[in-house]
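Engineer: Below is the sequence, then the predicted model.
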Amino acid sequence: MALRTRPRDVDNQLLAGIRDDILKITLPSWIPGAPKKFGTVQHGKLKADEWRTMGTIILVISLGIRWSRSNATERQKELLSNFFDLVIAINHATRRSISSCNLTSYDEYMGKYVLSATKLFGEALVPNNHLALHLSDVLARFGPAHGCWAYPFERYNGIISRISTNNKIGKYSKASLIPVLIRSNCPLAGELEGTFMRSFASAANFRSLLVTAAMQDEFSLLKPLVAPLTTEASWAPHLLASSDLWRHGDGQDPLVLPPYEVKKATALSTDTYRLLSEHLANPPGGPYPRAQQLKQVARGGAFFAAADASKRSGNSMILFKGGMQTEKLRVGQIAEIFLHTTGLYFKVHRFPELNRTDRMVNPFASYPEMGVRVCYSSPISPELVLIGDVVCHFASWRGVIQGIEHQCVVALSLDRVRPAGCFKISH
């Protein structure tokens with residue numbers, strides 16, 4: 001399912017603006033990039049990951065900014081609301097953990113999307129629309145969508161198509177034919193197909209075994225051996241296949257810190273030392289004034305890096321919990337990562353929230369479940385953040401929004417576990 005429009009709703013000017021936003025939007029390294037020539041014949045067909053990047057990230061930011069302007073037509077505003085209803089429904093349906101609240105929200109927003117689509121386009125529902133209205137029943141029975149969707153099989157088809165089969169497709173050896181005939185009443189598959197099916201089933205059963213809590217301790221020694229075999233491209237940084245096997249109760253993978261090496265420690269800057277002292281409640285004599293500087297740290301397949309130390313600035317963009325009010329999220333960029341004798345710290349420059357007047361013209365204010373936050377782009381005084389207070393990366397766009405005098409940062413949460421509404425933004 002995708003954004004449904006009529007030809008006159010999307011013109012060359014809009015497509016050019018979207019392509020311009022593709023270049024402006026920064027993404028972390030675990031998110032597949034968007035096609036720079038989106039909407040052109042030169043690019044051709046989009047892959048599933050590219051569609052997901054475009055549909056749930058790029059178009060959310062680009063259309064949210066463009067179709068909420070004062071010169072936007074009433075139809076464009078209705079199309080935007082229709083599209084956002086679809087994206088919110090998709091986000092609820094594709095979370096890595098599903099609750100009854102997710103299913104209720106999915107039904108609500110998918111229903112709104114289908115209803116408004118029939119009014120906007122004057123067309124009868126297609127089979128996919130009808131099936132989508134029953135998806136919550138499927139999720140309630142079988143769990144999160146990633147456990148049963150077809151993307152792994154499509155990827156597997158791609159792998160098979162690149163393998164030299166030696167003309168064995170659909171063929172049997174004489175030794176294997178009789179046992180298959182005896183054991184199965186189903187249409188027969190050849191040697192190659194059977195090998196793939198058995199390997200796929202064995203891997204799935206092995207993962208199911210390891211994910212059980214009872215087996216976590218038993219197989220802990222196997223983690224270094226299993227992780228390289230199960231790591232694959234994924235949308236969720238802490239939800240790669242390998243990390244799913246070793247999930248802890250808080251939904252995060254354990255962070256393995258490098259050993260603190262005195263020889264690699266350097267003197268902390270005056271500003272960083274002051275922040276560390278305040279964080280540690282000004283211990284007598286002050287904290288140790290040296291720390292080991294790190295370019296990046298990895299957790300669950302996602303890399304968190306200092307802005308100046310990574311080619312992908314998106315790895316430094318984070319949403320984090322701040323202060324004692326842990327339900328409120330802050331938007332910031334990592335400036336420094338250092339390992340101290342007291343722990344691992346991120347020095348983060350926080351982007352200030354909009355004032356009351358500018359919040360009134362925030363184009364995303366009416367859609368809190370989209371997980372989009374708008375801040376001023378000039379960072380305020382830095383603060384120290386612990387790795388445990390980092391919630392997720394965000395996709396960022398910098399520019400001027402109509403009605404707001406100062407340049408802004410648009411931050412779209414990339415959290416694939418918690419619904420966007422379970423945390424509040426700090427003001």
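Structural biologist: Looks like it arrived, so ask away. Residues are numbered from 1 along each chain as shown.
Engineer: what residue ranges in the stretch 251-400 of the chain score low on pLDDT?
Structural biologist: Within the stretch 251-400 of the chain, the ranges that satisfy pLDDT under 70 run 251-258, 300, 310, 323-327.
Engineer: Can I get the strand ranked longest in the chain as CSV, trimmed to CA atoms?
Structural biologist: Longest strand in the chain by number of residues (criterion: DSSP state E): strand 328-340. Listed next in CSV are the C-alpha coordinates belonging to strand 328-340 (Å, rounded to 0.1, in the frame of the first residue of the first chain):
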residue,chain,number,x,y,z
LYS,A,328,10.4,13.4,28.3
LEU,A,329,12.7,13.1,25.3
ARG,A,330,15.3,15.6,24.1
VAL,A,331,16.8,16.0,20.7
GLY,A,332,20.5,16.3,20.3
GLN,A,333,23.7,15.6,18.5
ILE,A,334,26.7,13.7,19.9
ALA,A,335,29.8,15.9,20.0
GLU,A,336,32.1,13.6,22.0
ILE,A,337,32.2,10.1,23.3
PHE,A,338,34.6,9.2,26.1
LEU,A,339,35.3,6.3,28.4
HIS,A,340,36.0,7.4,32.0
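Engineer: Which other helices and strands does that strand contact?
Structural biologist: Strand 328-340 is packed against helix 270-279, strand 290-294, strand 302-305, strand 317-321, strand 343-350, strand 372-376, strand 382-386, strand 424-425, with contacts defined by 3 or more C-beta pairs under 8 Å, 6 or more residues apart in numbering; DSSP states H and E. For every residue, glycine as well, the C-beta is placed using N, CA and C.
Engineer: any chance of these in CSV, plus mean neighbour count and distance to His406?
Structural biologist: Shown next, in CSV, are the helices and strands packed on strand 328-340 (neighbours: other C-beta atoms under 10 Å; distance: least, C-beta to C-beta, whole Å):
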stretch, mean neighbour count, distance to His406
helix 270-279, 16, 24
strand 290-294, 19, 32
strand 302-305, 22, 27
strand 317-321, 22, 19
strand 343-350, 21, 15
strand 372-376, 23, 5
strand 382-386, 18, 20
strand 424-425, 15, 18
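Engineer: Export these as JSON lines, with columns for distance to Leu329.
Structural biologist: Listed next are the helices and strands packed on strand 328-340 as JSON lines, based on distance: least, C-beta to C-beta, whole Å:
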{"stretch": "helix 270-279", "distance to Leu329": "19"}
{"stretch": "strand 290-294", "distance to Leu329": "24"}
{"stretch": "strand 302-305", "distance to Leu329": "16"}
{"stretch": "strand 317-321", "distance to Leu329": "5"}
{"stretch": "strand 343-350", "distance to Leu329": "11"}
{"stretch": "strand 372-376", "distance to Leu329": "8"}
{"stretch": "strand 382-386", "distance to Leu329": "12"}
{"stretch": "strand 424-425", "distance to Leu329": "6"}
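Engineer: Which strands border the longest strand of the chain, and is each parallel or antiparallel?
Structural biologist: Applying DSSP bridges to the sheet, strand 328-340 is found paired with strand 290-294 (antiparallel), strand 317-321 (antiparallel), strand 343-350 (antiparallel), strand 424-425 (parallel).
Engineer: Ser164 is in what secondary structure piece?
Structural biologist: Here Ser164, judged by DSSP states H and E, is contained in no helix and no strand.
Engineer: For the strands paired with strand 328-340, give me a markdown table that also has distance to Pro144.
Structural biologist: Output for those, formatted as a markdown table (distance: least, C-beta to C-beta, whole Å):
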| stretch | distance to Pro144 |
| --- | --- |
| strand 290-294 | 33 |
| strand 317-321 | 22 |
| strand 343-350 | 30 |
| strand 424-425 | 25 |
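Engineer: so which of these gets nearest Gly194?
Structural biologist: With C-beta to C-beta, the closest approach to Gly194 among the strands paired with strand 328-340 belongs to strand 317-321: 46.6 Å.
Engineer: helix/strand/coil for the closest residue to Arg69 other than its chain neighbours?
Structural biologist: Nearest residue to Arg69 in three dimensions, chain neighbours excluded: Gln402, at 4.9 Å (C-beta to C-beta, 6 or more residues apart in numbering). Recorded secondary structure, Gln402: coil (DSSP: H, G, I helix; E, B strand; the rest coil).
Engineer: From Ser105, how far out is Gln402?
Structural biologist: 30 Å (C-beta to C-beta, to the nearest Å).
Engineer: Arg350 too?
Structural biologist: Distance, Arg350 to Ser105, by C-beta to C-beta: 29 Å.
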